[in-house]
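J.: Sequence first, predicted coordinates after that:
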Amino acid sequence: MKKLLVSPAPHIHGKDSTQGLMRDVIIALSPSLLVSIYFFGFSAIKLAFVGAITCLLVEFAIQKYIIKGKVTVNDYSAALTGLLLALNLPPNSPSWLVFIGAIVAIGVAKMSFGGIGQNLFNPALVGRVFLLVSFPVIMTDWTTPVSWFREGIDATSGATALSIVKEGLSKGMTMDQIFEANNFSYAEMLFSKIGGSVGEVSALALLVGLVYLLIRRVIRPHIPLSIIGSVMVLSGIFWIIDPTHNPDPIFTILTGGLLIGSIFMATDYVTSPMSTKGMIIFGVGIGVITVLIRNFGAYPEGISFAILIMNATVPLLNNFYKPKRFGKEVKNG
Amino acid sequence: MSRTFSIGGIHPHDHKISVNASIEDFPLMDMAYISVSQHLGAPAEPVVAKGDTVKVGQLIAKASGFISANIHSSVSGTVTAVEPMPDISGNLIPHIVIKVEGDVWDESIDRSPKIVKEIKASSKEIIDIIAKSGIVGLGGAAFPTHIKLSPPPGKKAEYLLINGAECEPYLTSDYRVMLEYPEQMLIGTKIMMMALGVEKAYIGIEENKPKALKLLKKIASKSYKEIKVVSLKKRYPQGGEKQLIDAIIHRQVPSMGLPIDVGVVVQNVGTALAVYEAVQKNKPLFDGIVTVTGGCMTEQRNFRLRVGTNFERIMYAIGGFPKDAVKLISGGPMMGKAISRMDAATVKSTSALLLLTDEETRRGEEGNCIRCAKCVEACPMGLEPYLLNRLARAGRIDDLETNLIQDCIECGCCFYSCPSNIPLLDTIRLAKGQVLRIIRSRPKK
Amino acid sequence: MTTTILFTVVSLSVLGLLLALVLYLVAQKFKVEEDPRIDDVEAILPGANCGGCGYAGCRAFAEGCVKADSLDALYCPVGGNDTMKNVASYLGMEVAEKAPQVAVVRCNGNCDSRPKTNHYDGYSSCAVMASLYAGDTACSFGCLGQGDCVVVCNFDAIKMDPRTGLPEVDQDKCTACGACVKACPKFIIELRNKGPKNRRIFVSCINKDKGGVARKACAVACIGCFKCQKVCPFDAITMSNNLAYIDYNKCKLCRKCVTECPTHAIWEVNFPVRVPKKEEEPVVEQ
């Protein structure tokens, strides 16, 4: 008699796999990666490569030699963390910077909590913030390296739009004056670089990635939309009160790490809430904290800190905001 | 505009490869192995012994206890034994073993193909006939139908819902019944409406069955106006009792409740046909429509199969066990039971036999939970399977009850959508049983 | 500069002293009056908090001991007789010595003697498997091999043997706390006396099917033939539901039943290896 295979139901499985989901996120990141290679040339490739490889090696080494358990590097999550970390750094960063950041991201923020699924904070952001606090000078040197694609253009000291604005405002300039002095335009923010980290360039490339992720059902729209929505509302309120000394909502959305943060960092599965209600509160919290840091804090960019702060509230959000239960409200039709 | 349920759900490929296989009579077998436990509740007690001759449709086991059902012989011949035999899970259950001799039916059964439209029985008589005929729910749970059609005092039925969703992939037995016995099914529905004393009934059919929808709408609008045929979106688990009620009349059965709590009784299409045959044709329940299907089979079939047919016999009839198949499932791929013994036999609630290959069914390696919340998104009851799994593995019974594990309908959407192949439903099902036992053992207020 | 330091030191010291005073007063006011002996008894206990005594942890057991009139019903399986003697002498009570026990796995159906009849592909838990069906062999009573007993052991005393697919108890580490007994959904594991010189004899089978059915499923099953019961000079063996059972209180370890059993279902543990006679097989130390 044939030996049958026996298991409890269900006997079929959907097509989703961890590897497939991570791969989709990497694909969604590729427009930004390509754009940054265009603008920054070899530096972008170098950073992305060192970041991804270091993360993979650190995870492999810890899983195989320290924990002595199963090695799961082939689920692409470490490689993704490395890429995201690289995209958050200034284009002129040395290799050792991203190397150290990767070790902190995987070793401290991910593996010491128990590996994938167990970490409380977004590993790429922990790496980035660690570097920002430890090496503030390098992390704020926005010198644009020469890209072989854009011959004839010299290395420029392209400070990020946000830091320009912050500096200008502290000097007493008005928003219009700052825009004039620097030739800011929305078109430029959307399509090309305005000075920023490797991944902050070209909002359009990031938005293409968002659409891809939504179509492939990798993420749901609640987090990105609530972050962007709350940022627009709060910055809009400040702008209406005083348009000369506060940036307008469109500027706020298109500059800095807001888009990459809301599309790729805040939506990280492990560190975001599990119910739609929780996701919306999470997003609103990030948006509010970001705007407050940008307008009142010492740092020009606030989204990294905002996401990390809200990461800490996620277990509480999961506890109190459960999904809608079937049968709890008696509807009558 | 197709209706659907409000929370969760998944969209597996429907694999309705057997959709064009019209119902054929399964060739009569040599031996029948009829289990006394083919329904929810107490097993029936045999009323025949070794050496007795029986006819098709003769009572061979009596219902014992309040929740139980009669069992009738599906063959004619001599009883060779009444002894314990393994069921599909390998558990020993008493079976009545009959050596088949000829095909002699009980004289009271009307075998003519004429459709009997006039319903002569009264409401009380209908319930008695259904009970006498051993009719149980053919949607899978095999709950005795006469009990379901007699709501307890204090609860009144407003609607009867007929479940024609057939949301499980691969299954087409209900669809073929709707195509080939539409009027009989509608008469069966009307009979059940009379038994319940309701004036309105709905038949819910998924929109991937356009022919059935069109045919039933045509017949119902002409002669059975009190029965409304409703189109449902193709989605799993659209055919789940609670989801069906939510979709069609927008009422949600409360936690730990039954459909009758919201004034509804749900019955399967196959049950409606069985009720027609029992009340109008005097035919007790001893056979059913079974889809035998699978990608690895050369030909897909829909059989009218008699109860007690040995699985080996069925494999023989389809040309042998397919070379590539590794799993034989009684039921659909989402909620069916994997058969561990080929020497077991079919029961009343067998609605399909599905053969799957290694590639289609072998589970992937379990990984860590990545907290993607796809299981939460998929759960039609609004539960959090990742959390229930974690609590179950930690043995935290109180927290499981707080998180409503008792409401799990065991549909399998959570495991289906988990990218890390975590066997969520395995642990949840076990823990749910433990929690229910504790809840039910509490003294009632 | 120095005034800053002086102010800082003084103010923080005063704050510290004030808070310490508050803590002391609160600790005194809300002190729970407890029998001081409970702390001492707890210190005697091994501190494994395994629940083998039936109480919720060592402290609860210590409380139970102090409040009890007699220690007869109380026993810590981890600490054993030595610990109970110490507790008794501290509390000024007498305690009877209990025979040390060990967990015994009453199934010997390995991959060779009990062949698989199907492949299990579900979650690797014996409880899940047992609730699903009768198992992946023809014996519906036998060990399912998924290791629920291994997972639940606090003392690392039970491990799955990959060659046989059966659990193996390390008699030195086993404390007879009973966790594995409760965890096994087939009730295969039993706590039995360790025996003099750690020697014990037991029927390594719990199959209740008729002899023919049991033997067909497993080559070393108990077939309920009564031979062991007939040959036992101490009336230690009872038969019920086609299964033999040896009462460990009556068994005098004479080993007559071991040689008599036609299917080698009865095991002897920690005896010297016998010189093999004509039809007999030498019994291996477990």
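T.: Received the coordinates, thanks.
J.: Could you find the closest non-adjacent residue to residue B:67?
T.: Distances taken as Cβ to Cβ, 6 or more residues apart in numbering or on different chains place residue B:41 nearest to residue B:67, at 3.2 Å, with adjacent residues excluded. To be clear about C-beta, it is placed using only N, CA and C from the backbone, and glycine gets the same treatment.
J.: Please name the residues that touch that neighbour.
T.: B:65, B:66, B:67, B:68, B:69, B:143, B:144 (Cβ atoms under 8 Å, 6 or more residues apart in numbering or on different chains).
J.: Could you check stretch B:44-56 and say which residues are buried?
T.: B:44, B:46, B:48, B:52, B:54, B:55, B:56 (16 or more other Cβ atoms under 10 Å in any protein chain shown).
J.: same question, stretch C:129-143
T.: Neighbour count says stretch C:129-143 has C:129-130, C:132-143 buried, by 16+ other Cβ under 10 Å.
J.: Could you do stretch B:361-372 as well?
T.: Buried, per 16+ other Cβ under 10 Å, within stretch B:361-372: B:361, B:362, B:363, B:367, B:368, B:369, B:370, B:371, B:372.
J.: want to throw those into a markdown table with pLDDT, secondary structure and distance to residue A:281?
T.: Formatted as a markdown table, the buried residues of stretch B:361-372 follow (pLDDT from 0 to 100; DSSP: H, G, I helix; E, B strand; the rest coil; distance: Cβ to Cβ, whole Å):
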| residue | pLDDT | secondary structure | distance to residue A:281 |
| --- | --- | --- | --- |
| B:361 | 96 | helix | 40 |
| B:362 | 96 | coil | 41 |
| B:363 | 96 | coil | 36 |
| B:367 | 93 | coil | 29 |
| B:368 | 93 | coil | 26 |
| B:369 | 95 | coil | 22 |
| B:370 | 95 | coil | 22 |
| B:371 | 95 | coil | 17 |
| B:372 | 95 | coil | 19 |
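J.: Pull the contacting residues for the residue of the stretch 201-350 of chain B found nearest chain C.
T.: Per Cβ to the nearest Cβ, residue B:340 is where the stretch 201-350 of chain B lies closest to chain C, at 4.8 Å. The contact partners of residue B:340, by Cβ under 8 Å, 6+ apart, come to A:4, A:6, B:88, B:89, B:90, C:117, C:118, C:133, C:134, C:136.
J.: Now with 6 Å, please.
T.: A:6, B:90, C:118, C:133 (Cβ atoms under 6 Å, 6 or more residues apart in numbering or on different chains).
J.: element containing the residue lying closest to residue A:289 once chain neighbours are set aside, please.
T.: The shortest distance from residue A:289 to any residue other than its chain neighbours is 3.8 Å, reached at residue A:306 (Cβ to Cβ, 6+ apart). Residue A:306 belongs to helix A:303-320 when assigned by DSSP states H and E.
J.: What values do phi and psi take at whichever residue of the stretch 1-150 of chain B sits closest to chain A?
T.: Per Cβ to the nearest Cβ, residue B:7 is where the stretch 1-150 of chain B lies closest to chain A, at 5.4 Å. Per-residue torsions, residue B:7: phi -120, psi 140 (degrees, to the nearest 10).
J.: Tell me who's in contact with it.
T.: Residue B:7 sits in contact with A:326, B:380, B:382, where contact means Cβ under 6 Å, 6+ apart.
J.: near chain C, which of those residues show up?
T.: Among the contacts of residue B:7, not one lies near chain C by Cβ under 6 Å from any Cβ of the partner chain.
J.: So among the residues you listed, which ones count as buried?
T.: Buried residues within the contacts of residue B:7, counting neighbours by 16+ other Cβ under 10 Å: A:326, B:380, B:382.
J.: The last one and residue A:275: what is the separation?
T.: When you say that, I think you mean residue B:382. Distance of residue B:382 to residue A:275, computed by Cβ to Cβ, to the nearest Å: 9 Å.
J.: Mind listing the shared neighbours of these two?
T.: What both residue B:382 and residue A:275 touch, as defined by Cβ under 6 Å, 6+ apart, is the set residue A:323.
J.: Chain C: which of the contacts of residue B:7 is nearest?
T.: Of these, the one sitting nearest to chain C (Cβ to the nearest Cβ) turns out to be residue B:380, at 21.8 Å.
J.: Could you list which residues are in contact with the closest one?
T.: For residue B:380, the contact set (Cβ under 6 Å, 6+ apart) comprises B:7, B:8, B:9, B:237, B:243.
J.: Nearest residue to the residue of the stretch 1-150 of chain B closest to chain A in space, ignoring adjacent ones along the chain?
T.: Closest residue to residue B:7 apart from its sequence neighbours, by Cβ to Cβ, 6+ apart: residue B:382 at 4.9 Å.
J.: before we move on, what SS does the one you found have?
T.: Under DSSP: H, G, I helix; E, B strand; the rest coil, residue B:382 falls in the coil class.
J.: tell me the contacts of it?
T.: A:323, A:324, A:325, A:326, B:7 are the contacts of residue B:382 under Cβ under 6 Å, 6+ apart.
J.: Get me the contact residues on the stretch 251-400 of chain B for chain C.
T.: Residues of the stretch 251-400 of chain B lying close to chain C (Cβ under 6 Å from any Cβ) are B:340, B:363.
J.: can you list the weak-confidence ranges in the stretch 251-400 of chain B?
T.: Counting by pLDDT under 70, the stretch 251-400 of chain B contains no low-confidence range.
J.: which residues in it form helices?
T.: With DSSP state H, counting those that start in this stretch, the ranges of helices along the stretch 251-400 of chain B come out as B:269-281, B:311-317, B:358-361, B:374-378, B:385-394, B:397-402.
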